[in-house]
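*Asks:* Could you look at this predicted model? Sequence included:
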Amino acid sequence: MLPQLVFLAAFITMVWFGFRWVGQEIARVDERMRRLQRILERVRSNRIPRLQLDEATGLYIPAKL
């Protein structure tokens, strides 16, 4: 009976470490995705204005949309 208990304890320990590792990986990937999402939002909100040539001055000015 003792070998079965040792095997059961080892199995439970491996499962616990497995779940812990998977949880850490999920948290790591989630944090990376959130960081990339923040970068994408910053890039999207920083739009480049469209320019058009002002014939009178010869300079480019922001276009009215």
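*Replies:* Thanks, I have the structure now.
*Asks:* Per-residue pLDDT of the most centrally placed residue in the chain, please?
*Replies:* With distances taken as CA atoms, centre = their mean, residue 33 lies nearest the centre of the chain, 0.9 Å away. On the pLDDT scale, residue 33 is placed at 96.
*Asks:* Just list what the helix or strand that contains it packs against, helices and strands only.
*Replies:* Here residue 33, judged by DSSP states H and E, is contained in helix 2-45. Applying 3 or more CB pairs under 8 Å, 6 or more residues apart in numbering; DSSP states H and E, one finds that helix 2-45 contacts no other helix or strand. All C-beta spots, glycine's among them, are computed from the backbone N, C-alpha and C.
*Asks:* immediately after that helix, which helix or strand?
*Replies:* Helix 2-45 is succeeded, C-terminally, by strand 51-53 (DSSP H and E).
*Asks:* Report the rounded mean pLDDT for that following strand.
*Replies:* 88.
*Asks:* Could you do stretch 10-29 as well?
*Replies:* Mean pLDDT, stretch 10-29: 98.
*Asks:* List of residues touching that stretch?
*Replies:* Applying CB atoms under 8 Å, 6 or more residues apart in numbering, stretch 10-29 has no contact partners.
*Asks:* CA atoms only: put it into CSV for me.
*Replies:* What follows is stretch 10-29, C-alpha atoms only, in CSV (Å, rounded to 0.1, in the frame of the first residue of the first chain):
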residue,chain,number,x,y,z
ALA,A,10,4.0,12.2,-6.7
PHE,A,11,1.1,12.4,-9.2
ILE,A,12,-0.7,15.0,-7.2
THR,A,13,2.5,17.1,-6.9
MET,A,14,3.1,16.9,-10.7
VAL,A,15,-0.4,17.9,-11.4
TRP,A,16,-0.1,20.8,-9.0
PHE,A,17,3.1,22.0,-10.6
GLY,A,18,1.6,21.6,-14.0
PHE,A,19,-1.4,23.7,-13.2
ARG,A,20,0.8,26.3,-11.6
TRP,A,21,3.1,26.5,-14.7
VAL,A,22,0.1,26.8,-17.0
GLY,A,23,-1.3,29.6,-14.9
GLN,A,24,2.0,31.5,-15.0
GLU,A,25,2.2,31.1,-18.8
ILE,A,26,-1.4,32.3,-19.2
ALA,A,27,-0.6,35.4,-17.0
ARG,A,28,2.6,36.0,-19.0
VAL,A,29,0.9,35.9,-22.3
